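S.K.: sequence and predicted structure, then a few things I'm wondering about:
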Amino acid sequence: MRLLLDTHALIWWLGARKRMPKPLQALLLDPGNEVLVSAATAWEIAIKRRIGMLEFDAGFPGDFDPQVVTLGFAPLAVTAAHMVRGAGIDAPHKDPFDRLIAGQALVEHRVVVTADKAIAGLGAAVVWRT
């Protein structure tokens, strides 16, 4: 399966994995699945860390791509096609991070790993939505 982690999925993977269903954990650990983590996730974490909404050690997300690879995932750069696709989604959702992740999933033909119902509302295929 071709997967793309939503930001909170990466955060939970790093520090609250027990919040993720066991079948989902198995899906992410399955070497037959390709799991990507967006550069938009690094951007979101850095912004939320700066304004005090998240706590991470000083090295994260500064060393983002190597850390993503160490986790067994692959980094996904943000392209103009991703941004244009996300911005063009005809839905009332305003979160720019969600729009960008959804745009990337649509362009790259990925399934978003998320518990956020709003992502599916942006037209992206999802797994785990609660």
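M.R.: Received, thanks. Predicted model, so just to flag it, every value in this text is computed and none were measured.
S.K.: are we agreed that Val37 is in a helix?
M.R.: No - Val37 sits outside any helix when classified using DSSP: H, G, I helix; E, B strand; the rest coil, being strand.
S.K.: any idea what the nearest residue to Asp65 once chain neighbours are set aside is bridged to?
M.R.: Nearest residue to Asp65, sequence neighbours excluded (Cβ to Cβ, 6 or more residues apart in numbering): Pro75, at 4.3 Å. To be clear about C-beta, it is placed using only N, CA and C from the backbone, and glycine gets the same treatment. Beta bridges link Pro75 to Val37, judged by DSSP bridges.
S.K.: also Leu4?
M.R.: For Leu4, the beta-bridge partners are Leu36, Val112 (DSSP bridges).
S.K.: use 324 as the first number for this chain going forward.
M.R.: Sure, I'll start counting at 324 from here, so that last one is Leu327.
S.K.: so what's the backbone phi/psi at the residue lying closest to Glu357 once chain neighbours are set aside?
M.R.: Spatially, and ignoring its direct neighbours in sequence, Glu357 is nearest to Arg325 (5.4 Å; Cβ to Cβ, 6+ apart). Backbone geometry at Arg325, expressed as degrees, to the nearest 10, gives phi -100, psi 110.
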